[in-house]
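In: Turn this into a model:
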Amino acid sequence: MTQVSEHIEFDTSDVDRHVGQPVGGGQLKEPVTVTDIRRWVQAMQYPNPLHFDDEVAAASAFGRIVAPQSFTICCDVGHGAGPAIVGNIPGTHMIFGGDEWWFAGPRIYPGDLLRMKRRFVDYKVSETKFAGPTMFSRGETIYTNQRGERVAKQWSTAVRYRADVARERGFFEQAAPLPTWTEERLAAIEARRRQWIRSRAGADSPTLDSVEVGQSLLTRPIGPHSLPSLASEWRGYTFTVWGSTYHEGADHLSEAGWLDEMDRDLEGAKEDPELGDGLYHGPSRGHTDEEHARLIGMPRGYGYGASMGAWVLDYVSAWAGDRGLVRHSAVQYRFPAFDGDLTLLDAEVTDARYDKVLGAGLVTLEVTMSNQDGSVMAKGPVEVELPA
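Out: A predicted model of the protein is given here:
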């Protein structure tokens, strides 16, 4: 159907034929390596030695380096966005609107090779201050390892909008002024970051009996973000490495209706991979380039929604310790992490109970991500399994 708001046309007719249908996408060629895991936690600014230090990992219950649960998305090509971006809507761009995860239990180790199965779930069109009529579309990715075990299921929400309308309205230009940081403020942030790092539960996972409803977690600061840190996020994803993937099925992403300046040159990339890179040429270039950020309605460089989801999973995992396991996460992304901004993660225990099916405790945390001005960037419940 075609949505019209204030004479703004938003034609979704080409999307309708994809609802509920499987879609193609990329697969990683090689199994996970220790370096992949180390590079990931470095890019996500998650200094948990369980994921990069051989001696600490060997002494743990895992016996060797293990990937954090957030690494699951690093095993995908396109970090879960692909199956949510189908159908041609000319002149549009997209940002992440949220991720919902269901984790089955198996962890990812070096040597594992995951495969992804994808489908387009559904969509709706709503009016937004940002860009008028805006599509919120959902895609499903199922992650299975080489033993046939399901590792996780992910439902990602893509926010697709008319770039010209977003550019004209300049919503984030007004809502996200560039902050100024003094040496004193930066030192205070670093002190809070060190405090959070040292609070990691490790082998001393909290038990169900030790958790109380209303209990607050220690704040985790990330940033202030910079263009180098945003570029490091992108390079933390294995699929951004030249030649690391192969494609299955039709390339529906090239038909989405990107602006010419934000599209990839897949034919030219056969000779020069940089042309299909995504960051230097393609939909992700606005993350680290102000000119292209403004082209799609952003005031300056900004972070990745998929990374925001990883920050949430790592935050909860650090509190839950080595014996904890995130089972379910349903976080909506509301405000990007802009270049120069600080990200703050907080959480409160809203429920704690014994789950007979799991034979363990199940604790629900309401996680809130905000910036230095108090703008809520992301919010949602996360359920974590704890020893009973």
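In: Just say helix, strand or coil for the residue nearest in space to the middle of the chain.
Out: The centroid of the chain falls nearest to residue 306 when counting by C-alpha atoms, centre = their mean (1.3 Å). At residue 306 the chain is in helix, as set by DSSP: H, G, I helix; E, B strand; the rest coil.
In: so it sits right up against residue 96, yeah?
Out: Yes - shown here, residue 306 and residue 96 form a contact pair, counting by C-beta atoms under 8 Å, at 6.2 Å. For glycine as for every other residue, the C-beta is placed from the backbone atoms N, C-alpha and C.
In: Run through the helices of the stretch 201-350 of the chain in chain order.
Out: Remark: helices assigned in the stretch 201-350 of the chain by DSSP state H, counting those that start in this stretch are 227-236, 290-295, 305-320.
In: would you turn those helices into JSON lines with mean pLDDT and distance to residue 87?
Out: JSON lines is the format used below for these (pLDDT from 0 to 100; distance: least, C-beta to C-beta, whole Å):
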{"stretch": "helix 227-236", "mean pLDDT": "94", "distance to residue 87": "25"}
{"stretch": "helix 290-295", "mean pLDDT": "93", "distance to residue 87": "22"}
{"stretch": "helix 305-320", "mean pLDDT": "97", "distance to residue 87": "20"}
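In: Tell me which of those helices is the most buried.
Out: Mean neighbour count (mean count of other C-beta atoms under 10 Å) peaks for helix 305-320 among the helices of the stretch 201-350 of the chain, with a mean of 25.
In: That one vs helix 227-236, what angle?
Out: Interaxial angle, helix 305-320 versus helix 227-236 (axes from the mean of the first three to the mean of the last three C-alpha atoms, to 10 degrees): 90 degrees.
In: packing partners for helix 305-320?
Out: Helices and strands touching helix 305-320, by 3 or more C-beta pairs under 8 Å, 6 or more residues apart in numbering; DSSP states H and E, are strand 92-103, strand 220-222, strand 325-333, strand 343-355, strand 360-371, strand 376-386.
In: For residue 68, which of those is the nearest?
Out: Nearest of these to residue 68, taken as C-beta to C-beta: strand 325-333 at 9.6 Å.
In: Can I get that closest one in PDB, CA atoms only?
Out: Output in PDB follows, covering the C-alpha atoms of strand 325-333 (Å, rounded to 0.1, in the frame of the first residue of the first chain):
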ATOM      1  CA  LEU A 325      23.200 -16.900  30.500                       C
ATOM      2  CA  VAL A 326      21.100 -14.300  28.800                       C
ATOM      3  CA  ARG A 327      18.000 -16.100  27.600                       C
ATOM      4  CA  HIS A 328      15.900 -13.300  26.100                       C
ATOM      5  CA  SER A 329      16.400  -9.600  25.200                       C
ATOM      6  CA  ALA A 330      13.900  -7.200  23.700                       C
ATOM      7  CA  VAL A 331      15.400  -3.800  23.400                       C
ATOM      8  CA  GLN A 332      14.100  -0.900  21.300                       C
ATOM      9  CA  TYR A 333      16.500   1.600  19.900                       C
END
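In: Okay, now the sheet partners of that strand, with direction.
Out: Counting by DSSP bridges, the strands paired with strand 325-333 are strand 92-103 (antiparallel), strand 376-386 (antiparallel).
In: need the next SSE after the first one, C-terminal direction.
Out: Using DSSP states H and E, the helix or strand that follows strand 92-103 in sequence is strand 115-128.
In: quick one: average pLDDT of whichever helix or strand comes after that following strand?
Out: Next in sequence after strand 115-128, counting helices and strands by DSSP H and E, comes strand 132-144. When pLDDT is averaged over strand 132-144, the result is 96.
In: Assumed residue 72 was part of a strand.
Out: No - secondary structure assignment places residue 72 outside any strand; it is helix (three-state DSSP).
In: Tell me which residues of stretch 265-284 come out buried.
Out: By neighbour count on 16 or more other C-beta atoms under 10 Å, the buried set for stretch 265-284 is 265, 269, 275-279, 281-284.
In: Between the residues you listed, which sits nearest residue 228?
Out: Set against residue 228, the nearest of the buried residues of stretch 265-284 by C-beta to C-beta is residue 279 (12.7 Å).
In: For the residue lying closest to that closest one once chain neighbours are set aside, which residues are in contact?
Out: With C-beta to C-beta, 6 or more residues apart in numbering as the criterion, residue 279 has its nearest non-adjacent residue at 5.2 Å, and that residue is residue 234. Applying C-beta atoms under 8 Å, 6 or more residues apart in numbering to residue 234 gives the contacts 240, 278-279, 284, 287-288, 304.
In: swap in residue 335?
Out: 175-176, 371, 375-378.
In: Who wins on neighbours among those residues?
Out: Within those, most neighbours by other C-beta atoms under 10 Å means residue 378, with 25 neighbours.
In: Tell me the spacing between residue 42 and residue 374.
Out: 29 Å (C-beta to C-beta, to the nearest Å).
In: and what of residue 195?
Out: Residue 195 sits 21 Å away from residue 374 when distances are taken as C-beta to C-beta.
In: and if you look at residue 117?
Out: Separation of residue 117 from residue 374 (C-beta to C-beta) stands at 40 Å.
In: of those two, who's got more company?
Out: Remark: of residue 117 and residue 374, residue 117 carries more neighbours, 16 against 7, as counted by other C-beta under 10 Å.
In: Quick check: bridge partners of the more buried one?
Out: residue 142.
In: what's stretch 248-256 in contact with?
Out: In contact with stretch 248-256 (C-beta under 8 Å, 6+ apart) are residues 18, 22-27, 78, 82, 85-89, 92, 94, 160, 263-264, 266.
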